[in-house]
Structure formats: structure tokens, C-alpha cells
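A.B. asks: Next input, structure requested:
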Amino acid sequence: MSKYDVYNTQVRNVLNWIDSDEVAIPEIQRPFVWNATKVRDLMDSLYKGYPVGYLIIWKNPDIVLKDGSISKGKKILIDGQQRVTAMEAAIAGLSIIDKNYKKKRIQIAFNPIEEVFEVSNPAIKKDVTWIADISEIFAADYSQWSFVAKYCEMNELLGKEDFIASRIQALESIKNINIGVIELSDTLSIEEVTDVFIRINSQGVVLSQADFAMSKISSDSLYDGTNIRKTIDYFCHFWERPMDHEQILANDTEFQETEIYRKISWVVEESQDIYIPSYSDVLRVAFTYKFKRGRISDLVSLLSGRDFKTRENHESIAEESFSKLKDGVFDYVNETNFKRFIMIVKSTGIIDKSLVRSKNVLNFGYVLYLLLREKGIPAHIIEKVVRKWIVLSILTTRYSSSPESSFDYDVKRFDTSNPEEYLRMTEEGELSDAYWNNVLVNNLNTSVRSSPYFNVFVMAQVKNSARGFLSEQIDVPTLIEQRGDIHHIFPKKFLQNSGFSNQRDYNQVANYVYTQSEINIKIGANSPKVYMSKMLEQVHGGNQSFGGISSQEDLERNLEENCVPVEFINMDESDYLNFLNLRRRLMSDYIRKYYYSL
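C.D. replies: Presented below is the predicted three-dimensional model:
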């Protein structure tokens, strides 16, 4: 069976498909991102008969209705949305919403004498040689005879009516130009649709399975798909660009009056930036939490009414799936839920987005929070389990590869098991003594500054309010919040001068600490033995060189807070590699104590 059909159809048919809702534009790429000059160029290409690329349509499977009859699946335009929207704007005269969420017309002008297109502007509108807006040529009440006669009179072209009429006729004929269409079969799985799309898409655009899920939601007209899509889309956009709030409402006045708007309007005033969700994040969390599944391709199938046992599509399954997804999305965007989850995230020591390299760690953390809350688990247990699971996931890079499979596995077990027991079993299997004594120590042997293991160490310092290296009062949380820098304990310049020329050697994370810039400047390129001798003089009543630490006991506490071995005080270049080994073990022990204190 063919995976897709290829055929040609006229521009007028494409526009009719959209107007009649035979083919849905799912608005994956909304708002309209083309600039007016691209619309002009498209009209010019159509006029000259140049190829403008294929449209890719995906047919939804037929569905068994509740009365046993069959409903033909609607077709979805999954590639060519910008081209079709451009044609609707220029030819049909429809308004578009631009990238700033402002509703506007894109008027394309045509000069029949010169046969050129241009974006309409005030000068063109005053120039009678131009048709300032070609959409009037395609209007239902357009009369070519009267239009040509008036145009020729205004331009003193009497006797050349046939010439101008031929040019206008060529412009009108744009609606008869053939466009290539690739129609993907409704029998294809979402994985096959994705694969075919990637293989035949000439623009190199890659749509994710979340994009296809949004296509399904957007094209639904029976089960509130439009409002589900708006909830997700506006919620995520308000996070990224709250300044667009008023403009969006001005363009969508009906939405402002809905309960949905009241559910998400709180985001406009929110300032946290640790977890800024995209539409794929919202979909993944809402789906995994409500359906207890991890594969987004399953969501696409379920929204089509798929019965995985009989392989048929039923209206009842589609209706139930849309209802569950809507509930999941509304739970996701709920202000109380979201803010309590962020509170738990911050309580791990994650106070900056740079400390979480994998977004899926937070996604599953939110899945877990919503799931346990739905199951009626006491709040203090939810906080403990979610907090530890987030850190465990970072330490084990649990969701870095094959996240959907891991989501699927974990959500099913948290759903059917005692959450504390499942957490304990996972800890025993993955955070054994061997992990803390060997695996983590070895993982800390890296020069990657964004290493998840170093990030957890910093999280532990934040949680413990550890002070910056050699600081009396300024702590690590403050240094992070003020965008403080990470510096080398064995100064980089010192190591380079001592023969450690490889970046992997001097940029080891075990050689990193948060410290005040002024302290780092005073350390300069000196060896620890040199600059720490000044520190020792300071704590015994000598000149103040670094910060305000004034006693030996406080100095030793500061070194302990930063997992710096006391022996470091007398170290030189020959001791550097031994220092790294000692500090990695101290860092691992520090992280272990932190984890079990959560």
C-alpha cells in the first residue's frame, strides 16, 4: 500500500478546501512568520508559473461513530501552512496575525504595464499605474470589463484595452495554477508520518511528534480542540513574551471572556525562569500524567479514537481522549499546581535554570507531582518524593536518552506502586555505595562546566547555604543570583605556567568554586601555597588579604563548605592531580549527604 499519493490541484481548490474546512490548518507555526516581501515573491512565482513547492496533507483515519456509521477523517495541512496563509492574505484579502500578534492586512500590488509585483505602500496607492491590492481582482463582485476600462482611462491607455486585459487575465489565472500535493495515507502510524515528512520535505523542516499532536488538537471541531490548543499556545507564549498579552486579547476578544483565560492569565505577572514550558512540554506532561503513557505518538492515535486492541478508530475513544487531555492541560496550567511544583524544585537548590540541563527532568517531576496529588498522597510525602526524584534523575541522567521509554516505565510504576517504596527500590538499585564511592567520583572527572554532577554539587551548596570560597558572609546562592563567576582553585594561569596546557586538565570541575570576583583577582596567578599563606597570616591577626574570615576555625569551615581538603593549604603544582582526586571524593560525599537530607 502506498504511503502517500502525489497529485496536482489548482490554487482555487486549495483555498476552497480551507474555506470549507475540508482541510484544516492546524496553526503549528502560528503566528504568520513570513514577511510581506515573501508573500510578494510567492505571487510573482505563481504568476510566472514557477514551482512553489509541494503541500503536504495528512488524512485523519475514518472513525466509527457511536451509532455505528463511519465518518470520513478530516485532512490536515502539515506543510505549506505559510504558503496557503500567504495566498489567503494576498488573493482572498484575509487578515493575518503577525509575529507580534497584531492583526493586519498584507496587500500585494501589481503593475500590469510592467508585470511586476510589490508590497503595497502609500506611494503605490497614489500611483494609478498600480493595482494597489490584487485581492480586488479576485473579489466576487469584480468586473473585468469595467475595471480595464477605468484603468486605461486613468492611465491614458485608450486603444490598449486588450493589452491590459490580457495582463489582468494572467493575474486572475493565478487561481488556476496547479500546485503539487502530497497526501499522506491515514493508515500510517505517527512514526511513519514523521519519517515520510522528513524524507519528502524540501525545506529541511523537522516536525516533532508534539507538532503532529498539536495538529490533531487544532483541527478538532467536536471536542473543544480549539480551546485546548489556545490554552497551551497562549500559556506558553505568555511565559516567553508577556508584553504581547494585551495585543493577543485585542485580537481574540472572545477568549478574554472565557474561563480558560482566567486559568492562565496569572502567567503574565510571573517572573520565575527556572522552568519555562514550551507547548511540547505541556503536552508531554499532561499526556503522561493523565494517560499513564510516555509516548506522544500514542496521544496522536488516541485523539484519533484508536483502539489499540482492535486497531479500529472509535468516536467514543476520541471523545474520552480529548476530555482527559483537556483535564490534564488545565491541571498543568493551574496556578496553585504550577507554583507549588516550582517551590519544590527550588527546595532542591535549583535556583537557576542553568542547573538543570535536561528539561525532561522537570517535565517528569511535574508529572510526578500531578500524579501523586491526584492519588491523594499527603503533601509532605509528595514534596519529599518529587524533590528526591528530581535530584536522582539528574544524578543518573535518567531522561537524557530515550526519555519517552523512561517516562512510560516510571509513570506506570508510580501509578501502581507505593511511591515511597518505588523511590526506595530505585535508590537501592542506582544509588548504591558503589555509585557514591566510585561511579560518581569518576563522573566528577570532567572538564564540562555544565556537567549534571557538578550542577548537583552546586545545588547541594545552595541547599546548605554554603559560603563562597574564602568569603566570610557571601554565600553561593547569592553569588548565583547575582550572576557570580566560577573560578579556579588552582589558578588557570598558574597551571598553564606549570605545564598543564590542556584545557581538560586545568578546567576540571573539581578545580572550580564559586567565589567573589574581588577575591579571585587578589588570588591572581599564585599557587595555593602562596595565596593561602597570606590567608593564614590574615586569620592570625595579619593584614586582611581575602574577604573577612578572621579565625582558623572559620577558615576550615569555609574549606569544608567548598569540599576543599585542608591539605590544600600547602599545595603546589606537583600536588594538583592529588588535589583533584581528594576533592572529587569530598564532593561525592557532600552530594550523598545532601541527597539523603532531602
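A.B. asks: Where do the strands of the stretch 401-550 of the chain begin and end?
C.D. replies: Under the criterion DSSP state E, counting those that start in this stretch, the stretch 401-550 of the chain contains strands at 486-488, 512-514.
A.B. asks: just those strands: most buried one?
C.D. replies: Most buried of the strands of the stretch 401-550 of the chain, by mean neighbour count (mean count of other C-beta atoms under 10 Å): strand 512-514, with a mean of 23. The C-beta positions use only the backbone N, C-alpha and C, and glycine is treated the same way.
A.B. asks: who does that one pair up with?
C.D. replies: Sheet pairing here is set by DSSP bridges, and for strand 512-514 it gives strand 486-488 (antiparallel).
A.B. asks: what does the partner strand rub up against?
C.D. replies: With C-beta atoms under 8 Å, 6 or more residues apart in numbering as the test, strand 486-488 has contacts from 449, 469, 495, 506, 507, 511, 512, 513, 514, 515, 520, 523.
A.B. asks: picking up where we left off before, which of the strands of the stretch 401-550 of the chain has the lowest average pLDDT?
C.D. replies: Between these, the lowest average pLDDT goes to strand 486-488, which shows a mean of 93.
A.B. asks: a strand runs through residue 109, doesn't it?
C.D. replies: Yes. Residue state for residue 109 (DSSP: H, G, I helix; E, B strand; the rest coil) corresponds to a strand.
A.B. asks: where along the stretch 1-150 of the chain do the helices fall?
C.D. replies: For the stretch 1-150 of the chain, the helices defined by DSSP state H, counting those that start in this stretch occupy 11-19, 36-48, 81-90, 122-126, 144-154.
A.B. asks: hmm, back to that, which of the contacts of strand 486-488 lies closest to residue 82?
C.D. replies: For the contacts of strand 486-488, the closest approach to residue 82 (C-beta to C-beta) belongs to residue 449, at 39.0 Å.
A.B. asks: and of the helices of the stretch 1-150 of the chain, who's closest to residue 169?
C.D. replies: helix 144-154 (7.3 Å).
A.B. asks: Quick check, pLDDT for the closest residue to residue 480 other than its chain neighbours.
C.D. replies: Setting aside the residues directly before and after it, residue 480 is nearest to residue 352 in space (C-beta to C-beta, 6 or more residues apart in numbering), at 5.3 Å. In this model, residue 352 is scored at 94, pLDDT.
A.B. asks: Tell me where the chain is predicted with low confidence.
C.D. replies: 1, 26-31, 62-72, 100, 198, 200-207 (pLDDT under 70).
A.B. asks: In three-state terms, label the residue sitting furthest away from the middle of the chain for me.
C.D. replies: Distance from the C-alpha centroid of the chain, by C-alpha atoms, centre = their mean, peaks at residue 159 (60.9 Å). Recorded secondary structure, residue 159: coil (three-state DSSP).
A.B. asks: before we move on, the earlier item: for the residue nearest to residue 480, what are its contacts?
C.D. replies: For residue 352, the contact set (C-beta under 8 Å, 6+ apart) comprises 274, 480, 481.
A.B. asks: Please parse the chain into its domains.
C.D. replies: Following the assignment in automatic domain parsing, the chain carries domains at 4-200, 219-423, 442-597.
A.B. asks: closest one to residue 436 among those?
C.D. replies: domain 442-597 (4.7 Å).
A.B. asks: now the strands of the stretch 401-550 of the chain in JSON lines, with distance to residue 74?
C.D. replies: Output for these, formatted as JSON lines (distance: least, C-beta to C-beta, whole Å):
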{"stretch": "strand 486-488", "distance to residue 74": "54"}
{"stretch": "strand 512-514", "distance to residue 74": "56"}
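A.B. asks: Nearest to residue 397, out of the ones you listed?
C.D. replies: Among the strands of the stretch 401-550 of the chain, strand 512-514 comes nearest to residue 397, with 19.8 Å by C-beta to C-beta.
A.B. asks: Please tell me how far the closest one is from the chain's geometric centre.
C.D. replies: 30 Å (C-alpha atoms, centre = their mean, to the nearest Å).
A.B. asks: ok, and what's touching it?
C.D. replies: Identification of contacts with strand 512-514 by C-beta under 8 Å, 6+ apart yields 449, 454, 458, 461, 468-469, 476, 479-480, 484-489, 562, 564.
A.B. asks: Among the residues you listed, which are located in helices?
C.D. replies: The members of those that map onto helices under DSSP state H are 454, 458, 461, 476, 479, 480.
A.B. asks: Spatially, which two of these are the most separated?
C.D. replies: For the ones in helices among the contacts of strand 512-514, the farthest-apart pair by C-beta to C-beta is 454 and 479; their separation is 14.9 Å.
A.B. asks: re the thing from before, now the domains of the chain in TSV, please, with extra columns for distance to residue 209.
C.D. replies: Rendered in TSV, the data for these read as follows (distance: least, C-beta to C-beta, whole Å):
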stretch	distance to residue 209
domain 4-200	6
domain 219-423	4
domain 442-597	25
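A.B. asks: Which one, of these, ends up nearest to residue 211?
C.D. replies: Nearest of these to residue 211, taken as C-beta to C-beta: domain 4-200 at 5.1 Å.
A.B. asks: circling back: out of the strands of the stretch 401-550 of the chain, nearest to residue 186?
C.D. replies: strand 486-488 (53.9 Å).
A.B. asks: can you give me how far the closest one is from the chain middle?
C.D. replies: Relative to the chain's own centre, strand 486-488 is displaced by 31 Å; criterion: C-alpha atoms, centre = their mean.
A.B. asks: Please apply the same query to stretch 268-280.
C.D. replies: Offset of stretch 268-280 from its chain centre (C-alpha atoms, centre = their mean): 10 Å.
A.B. asks: Just the C-alpha atoms of that stretch, please, in CSV.
C.D. replies: Output in CSV follows, covering the C-alpha atoms of stretch 268-280 (Å, rounded to 0.1, in the frame of the first residue of the first chain):
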residue,chain,number,x,y,z
VAL,A,268,1.6,37.4,32.7
GLU,A,269,2.8,38.6,36.1
GLU,A,270,5.1,35.6,36.8
SER,A,271,8.8,36.2,36.8
GLN,A,272,10.4,32.8,37.6
ASP,A,273,12.6,31.5,34.7
ILE,A,274,13.7,28.1,36.0
TYR,A,275,11.0,26.2,34.1
ILE,A,276,9.6,28.0,31.1
PRO,A,277,7.4,25.4,29.3
SER,A,278,7.1,25.0,25.5
TYR,A,279,3.9,23.5,24.0
SER,A,280,5.7,20.2,23.7
